[in-house]
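*Asks:* any chance you could fold what I've pasted below:
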Amino acid sequence: MHFPLHPETPMEGRSLEDLFAGRNLDPEAIHLNMKAAMDEEGLPYERRSHTYNSRLAQEVAKWADTQPNGEVIHDLFYRAYFVDGKNIADRQVLLDIVAEAGLDTGVAQVVIDERTFKQAVDEDWGLSRAYGVTGVPTFVADGRGVVGAQQYEVLQQLVEAGGAERR
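*Replies:* Residues are numbered from 1 along each chain as shown. Got it, this is the predicted structure:
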């Protein structure tokens, strides 16, 4: 499910300094906290200077999920955004990621230009509001949820509380 995290962000992006201004938050502490959590899980995570509008990337990802092996695009979007600091609102960046995923760039161009997955993402955004999602990631199992990057044990407890049996 897709979520509208800062949908007001312009397509060219917004500096993190501007995003955090007046919010009594410490961007350096936030980065170091997230970096430590990602390092603990063995995930790459680099310092970013900007946040970017993810709407078109969500629409492309929703389309990719309908394609054979399309799920690989999610990791590529993660890497582009959180490791390489790329603007995932940029059409060419999106098409480069589609190509890297081995998906049809011609079809992806149509998805982007004609917004063929706009309604599907609108529905996801509506569902996220109905669930009360306030941040990403949010994990939900059997009506219970946790918000934010979580350690494996927390997610394990969530799915077990939701009825999953330990293997």
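*Asks:* partner strands of the least confident helix or strand in the chain by mean pLDDT and their direction?
*Replies:* Least confident helix or strand of the chain, by mean pLDDT, DSSP states H and E, is strand 144-147 with a mean of 82. Strand 144-147 pairs in its sheet with strand 138-141 (antiparallel), by DSSP bridges.
*Asks:* contacts for the strand it pairs with, please.
*Replies:* The contact list for strand 138-141, computed with CB atoms under 8 Å, 6 or more residues apart in numbering, reads 3, 128, 131, 145-148, 150, 155, 158-159, 161-164. Backbone N, C-alpha and C define where each C-beta goes, glycine included.
*Asks:* which pair in the residues you listed spans the largest distance?
*Replies:* Spatially, the most separated pair among the contacts of strand 138-141 is 3 and 163, at 24.1 Å (CB to CB).
*Asks:* give me the more crowded residue out of these two.
*Replies:* Taking neighbours as other CB atoms under 10 Å, residue 3 and residue 163 compare with residue 3 leading, 20 against 8.
*Asks:* so is the more buried one in a helix, a strand, or just coil?
*Replies:* Of the three states, residue 3 takes coil according to DSSP: H, G, I helix; E, B strand; the rest coil.
*Asks:* show me the contacts for residue 11.
*Replies:* Counting by CB under 8 Å, 6+ apart, residue 11 makes contact with 52, 53, 87, 89, 90.
*Asks:* over to residue 68?
*Replies:* Taking CB under 8 Å, 6+ apart as the test, residue 68 contacts no residue whatsoever.
*Asks:* quick check: phi and psi at residue 50.
*Replies:* Here is the backbone geometry of residue 50 (degrees, to the nearest 10): phi -140, psi 160.
*Asks:* thinking residue 117 is in contact with residue 67, fair?
*Replies:* No - the criterion here is CB atoms under 8 Å, and residue 117 misses it with residue 67 at 11.7 Å.
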